[in-house]
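Let me see the structure of the following:
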Amino acid sequence: DGITVNAVCPNHVTTGLGAKQSEYFAALRGLTPEDYRRGIAERIPLGRVGLPGDTAAAAAFLASDDAAFITGEALNVSGGEEMH
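Residues are numbered from 1 along each chain as shown. I've put the predicted structure just below:
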C-alpha cells in the first residue's frame, strides 16, 4: 500500500553521452558539435538543453510526499519540447 509507479522521461540532457551523440550527429550533418547543440536548444521552448539536475529534481519530486497522489504518470522533462 502507498506504492506509486511513475516514469521520468528526460529529453536532451547535457552529459558525457549527450556530448558524444552531438559529435556523431553533427558530423553526419556537416556541422560543428556547437552548432548542432545550438540548433537543439533553439527548438526547445525554454531555450536550453536540460541539465542532470533537472531530471533529478523531477525524480525527487515524484519520490516525495508532495506526489503521494500521483501514480501511473510519465513526466516529460523536456523544457517544453513535444515528446512522443
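
Can you give the contact residues for the longest helix along the chain?
With DSSP state H applied, the helix covering the greatest number of residues in the chain is identified as helix 16-29. When contacts are defined by C-beta atoms under 8 Å, 6 or more residues apart in numbering, helix 16-29 is touched by residues 12, 32, 33, 35, 36, 37, 40, 49. Where C-beta positions appear, they are placed from N, C-alpha and C, glycine not excepted.

before we move on, what about stretch 39-50?
Counting by C-beta under 8 Å, 6+ apart, 10-14, 18, 22, 31, 37, 77-81 sit against stretch 39-50.

Go again with 10 Å.
Contacts of stretch 39-50 from elsewhere in the structure, counted by C-beta atoms under 10 Å, 6 or more residues apart in numbering, are 10-15, 18, 22, 25-26, 29, 31, 37-38, 54, 58, 77-82.

Kindly check the end-to-end length of it for me.
14 Å (C-alpha to C-alpha, to the nearest Å).

So which bits of that stretch are buried?
The neighbour-count criterion (16 or more other C-beta atoms under 10 Å) identifies 40, 44, 49, 50 as the buried residues of stretch 39-50.

which phi and psi does residue 34 have?
When quoted as degrees, to the nearest 10, the phi and psi of residue 34 stand at phi -60, psi -40.

Residue 65 too?
phi -60, psi -30.

Then residue 7?
Phi and psi for residue 7, reported as degrees, to the nearest 10, are phi -130, psi 140.

which residues sit in contact with it?
Contacts here follow C-beta under 10 Å, 6+ apart; on that basis residue 7 touches 59, 62, 72, 73, 74, 75, 76.

What about those residues, which are in strands?
With DSSP state E as the criterion, strands contain 74, 75, 76 from among these.

Make a PyMOL selection of the buried ones in those.
Applying 16+ other C-beta under 10 Å to these, the buried members can be selected in PyMOL as follows:
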select buried, resi 75+76
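
Just name the closest of the ones in strands among the contacts of residue 7 to residue 6, please.
Using C-beta to C-beta, the shortest approach to residue 6 within the ones in strands among the contacts of residue 7 belongs to residue 75, at 6.5 Å.

on that earlier part again, which of the buried residues of stretch 39-50 sit farthest apart?
The span of the buried residues of stretch 39-50, defined through C-beta to C-beta, is set by 40 and 50 at 10.4 Å.
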